[in-house]
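1. Below: sequence and its predicted model.
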Amino acid sequence: MKIPIIVIGAQWGDEGKGKIIDFLSKSADYVVRFNGGNNAGHTVVLKSEKYPLSLLPSGVLRRKKLLISQGVVINPKVLITEINFFQNKGIVPSLTIDKRVNLVMPYHQLLDAATEEAKGDKKVGSLKLGIGYCYEDRNNRYGIRLEDLLNPQAFKRKLEEEFELKKRRIEKVFKMKVTLNKDEIYQEYLKYGTFLKSYIGDVSLIVTKYINKKQFLFEGAHGTFLDGNFGTYPFTTAVNTISGSVFPYVGFPPQKLNIIAVVKAYTTRVGGGPFPTELFDDSGIRLQEKGIEFGTVSKRKRRCGWLDFPMLKYAHRLNGFTSIAITKLDVLSGLPEIKIAYNYRINGSIVDEFPSNLPDIKKIDINYEIFKGWKEDIVKIRKYTDLPKNCRIYLQAIEKELKIPISYISVGAERSAIIQK
Ligand code: GDP
Ligand code: IMO
Ligand code: MG
C-alpha cells in the first residue's frame, strides 16, 4: 500500500513548496493541487530557467498526472495561459480539473480591490485577485462552478442573477462605477469552457479509486499562518491551508499521510499582518537581497526575519508533520551569527507556542537562541556530512527542538540543489 504524501508550508507561504514538490514528484504518479487560487505563486527552477506556477501543480515539469481538486478556485484565463505556456515548451499537461471547482469572476476582483481600498490602513495586503470573494460565493452557494460552463443556458441564468447583485453591491456600498459588461463576461467564459472542456472530470472519484494503488503527492498552497481559521486571522487567506483540509478539499476519506513541512531556514511574510521575528536592520535587508525575497505574483518585497520555534511548534500541532524539508539554507551562509526565536514572553509568562489572537501576538517579547554562522558557500554540497559544522549544529537544533526529522535540505533554487538526509 502506498502512503500518500502531502506538502505543507509551515510559515507564511513562499517557503519553497514548488521546488520541493517538483523534487518529490519524481517518484509520484499523481500530483494534486488542493487549495487556494492564483494568489499562490510557486517557482520551479530547472537548468537556470524559471517556471512560475500559480494554478498548475508543480509536478508539471516531470510530466506527471496532474489533478486540481474542488478546494481550488480557478481564474480560467490564468489557468489557460499556464497551460499554453507549457504546451509552447513541448510539455502537454496531463490534467484533470474537478467539475465542482469554483470560478473567479471579474466582479470578485473588483470587490477585492474595493474592499482593500475601503479598509484603508487596516487592509490585509490582498493581491486583489478576487480569491477571497470567490470563496465567499462558493461557501455561500452563489458560486459559478466549472461544470456550469458546459451548460450555456444555466450559466447565463446564474451569471445574470449574480452579476446584478454584485454590481449593485459595488456601486451602492463602495460607490465605485462598474464598467464590466455582463454579455462580454458571458461570451468570454463560454470560450474558456470550450478550451477547458476536455480537462473537466471528477477528481474526488479518481483519488478515491487510486489512492492506495498509486503514489499521490498533494500540494498545499500558501502556508500554515495564512490558514483562514488558524493563521494570523484576519491577515490570512480565505481558505484552509493545514494538512487535514486535504480530505474535504479533494473528497476522499481521512487516512494516514506522510506530512512534509516546508520550512524556510529563516522567516518571510508578504503583505500586512503581525510578524514577531521581523528584522528592520541590515540583517533583514541582507536576507531580503540574498534570498531574492520578492513576491512571485505581486513582486512586492517580502518582509524577512529569523526562524521562530513557537511558530513551528504551533504549525506542527495543527499539521502533524512527519518530516521537514528545510529550504534556502544557502541564504544564511556568510552571516556572522544566526538567531532562532526560542520562546516568547507574554505578560511576563514564558510561552512555547504561537498565540492564537492578535492582542497577545502584539505583546510578544522574544528570547532568542544565538548560533554561530558559517562562511562557506553551500550551494554545491550534496552530502549532509559535507555541510559546515556550524550549519549542521543549526539543523540539529531545529530537529531537537521540534522533534521532527529533517529529510531534505535545499541549498539553492535549482532542482538539483538538494541534500537528502
Ligand atoms: P512557494 O510559494 O512555497 O512555492 O515558494 P516560492 O516559489 O513563491 O518562493 C520561493 C523562492 O525561493 C523561489 O524563487 C524559489 O526558486 C526559491 N528557492 C527555493 N528553494 C531555494 C533554496 O534552497 N535556495 C535558494 N536560494 N532559493 C530557493
Ligand atoms: P504561496 O502558495 C505568500 C498573502 C497575501 C496577502 C494575504 C491575503 O505562494 O506560498 P489574498 O489574495 O488571499 O486575499 O491575500 O495572504 N498570501 C500569500 N503570501 N505566499 C502565498 O502563497 C500567499 N497567498 C496569499 O500576500 O497578504
Ligand atoms: Mg509563493
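-> That came in fine, so what should we check first? Computed from a predicted structure; not experimentally measured. Ligands and ions are numbered 1, 2, ... in the order given.
2. Spell out which residues make up each domain of this structure.
-> 5-96+215-259, 102-196, 262-375+389-407 (automatic domain parsing).
3. Let me have those domains in TSV, extended by mean neighbour count.
-> Any C-beta I mention is one placed from the backbone N, CA and C, and that applies to glycine too. Output for the domains of the chain, formatted as TSV (neighbours: other C-beta atoms under 10 Å):
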stretch	mean neighbour count
domain 5-96+215-259	22
domain 102-196	17
domain 262-375+389-407	18
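4. Would you convert these into a markdown table that also reports distance to ligand 1?
-> Output for those, formatted as a markdown table (distance: least, C-beta to the nearest ligand atom, whole Å):
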| stretch | distance to ligand 1 |
| --- | --- |
| domain 5-96+215-259 | 3 |
| domain 102-196 | 12 |
| domain 262-375+389-407 | 4 |
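5. hmm, who's touching the longest helix along the chain?
-> Counting residues, the longest helix found in the chain (DSSP state H) is helix 152-168. Residues outside helix 152-168 that contact it (C-beta atoms under 8 Å, 6 or more residues apart in numbering): 105, 107, 110-111, 137, 142, 144, 148-149, 178, 180, 182, 185-186, 189-190, 193.
6. what do you get for stretch 249-258?
-> 3-6, 32, 34-35, 69-72, 98, 203-204, 207-208, 211, 218, 240, 243-244, 246-247, 322-323.
7. Stretch 116-133 and ligand 2, are they touching?
-> Yes - counting by C-beta under 6 Å from any ligand atom, ligand 2 has neighbours in stretch 116-133: 124-127, 129, 131-132.
8. Next, the closest residue to ligand 2 within the stretch 101-250 of the chain: secondary structure please.
-> Closest to ligand 2 within the stretch 101-250 of the chain is residue 126: 3.2 Å, counting by C-beta to the nearest ligand atom. Put simply, residue 126 is coil when judged by DSSP: H, G, I helix; E, B strand; the rest coil.
9. same thing with the one 3 residues further on?
-> Going by three-state DSSP, the secondary structure assigned to residue 129 is coil.
10. So what touches stretch 84-100?
-> Defining contact as C-beta under 8 Å, 6+ apart, one finds that stretch 84-100 is touched by 56, 60-61, 63-70, 72, 74, 79, 83, 145-147, 196, 199-204, 206, 251.
11. list the contacts for residue 308?
-> Residue 308 sits next to 267, 276-277, 340-341, 354 when contact means C-beta under 8 Å, 6+ apart.
12. Could you work out the most separated pair of the residues you listed?
-> Greatest spatial distance among the contacts of residue 308 (C-beta to C-beta): 340 and 354, at 13.9 Å.
13. Is it possible to get a markdown table of the residues of stretch 116-133 next to ligand 2 that adds pLDDT?
-> Formatted as a markdown table, the residues of stretch 116-133 next to ligand 2 follow (pLDDT from 0 to 100):
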| residue | pLDDT |
| --- | --- |
| 124 | 76 |
| 125 | 77 |
| 126 | 79 |
| 127 | 82 |
| 129 | 94 |
| 131 | 97 |
| 132 | 96 |
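14. so which of those also contact ligand 3?
-> Contacts with ligand 3 within the residues of stretch 116-133 next to ligand 2, counted by C-beta under 5 Å from the ion: none were found.
15. From the residues you listed, pick the one nearest residue 412.
-> Nearest to residue 412 among the residues of stretch 116-133 next to ligand 2: residue 127, at 27.1 Å, using C-beta to C-beta.
16. quick check, residue 7 in a strand?
-> Yes - secondary structure assignment places residue 7 in a strand (three-state DSSP).
17. if we can go back for a sec, tell me which of the domains of the chain sits nearest to residue 416.
-> That would be, of those and by C-beta to C-beta, domain 5-96+215-259, which comes in at 8.9 Å.
18. Briefly note if the host helix or strand of residue 262 comes near ligand 3.
-> Under the criterion of DSSP states H and E, residue 262 resides in strand 258-264. No - judged by C-beta under 5 Å from the ion, strand 258-264 makes no contact with ligand 3; its nearest approach is 10.6 Å.
19. how far is that strand from where the chain is centred?
-> With C-alpha atoms, centre = their mean, to the nearest Å as the basis, strand 258-264 stands 12 Å off its chain's centre.
20. any idea of the mean pLDDT in it?
-> Here strand 258-264 scores 98 as its mean pLDDT.
21. Run through the neighbouring helices and strands of the next helix or strand after it.
-> Counting by DSSP H and E, the element after strand 258-264 in chain order, helix or strand, is strand 267-269. Judged by 3 or more C-beta pairs under 8 Å, 6 or more residues apart in numbering; DSSP states H and E, the packing partners of strand 267-269 are strand 303-305.
22. tell me which element the closest residue to residue 174 other than its chain neighbours falls in.
-> Nearest in space to residue 174, with sequence neighbours left out and distances taken as C-beta to C-beta, 6 or more residues apart in numbering, is residue 114 at 4.0 Å. Assigned by DSSP H and E, residue 114 belongs to helix 106-119.
23. How about residue 78: what's its closest non-neighbour residue?
-> residue 38 (4.5 Å).
24. Could you tell me whether the one you found really is in a strand?
-> No - Residue 38 is assigned coil when assessed by three-state DSSP, not a strand.
25. Return the residue of the protein that is most distant from the centre.
-> Each residue of the chain has a distance to the centre, and by C-alpha atoms, centre = their mean the biggest one is for residue 153: 35.3 Å.
26. Run through who's touching the helix or strand following the longest helix of the chain.
-> Where DSSP H and E defines the elements, the next helix or strand beyond helix 152-168 is helix 182-196. Contacts to helix 182-196, defined as C-beta under 8 Å, 6+ apart, come from residues 76-77, 79-80, 97, 103, 105-106, 144, 146, 149-150, 152, 155-156, 159-160, 163.
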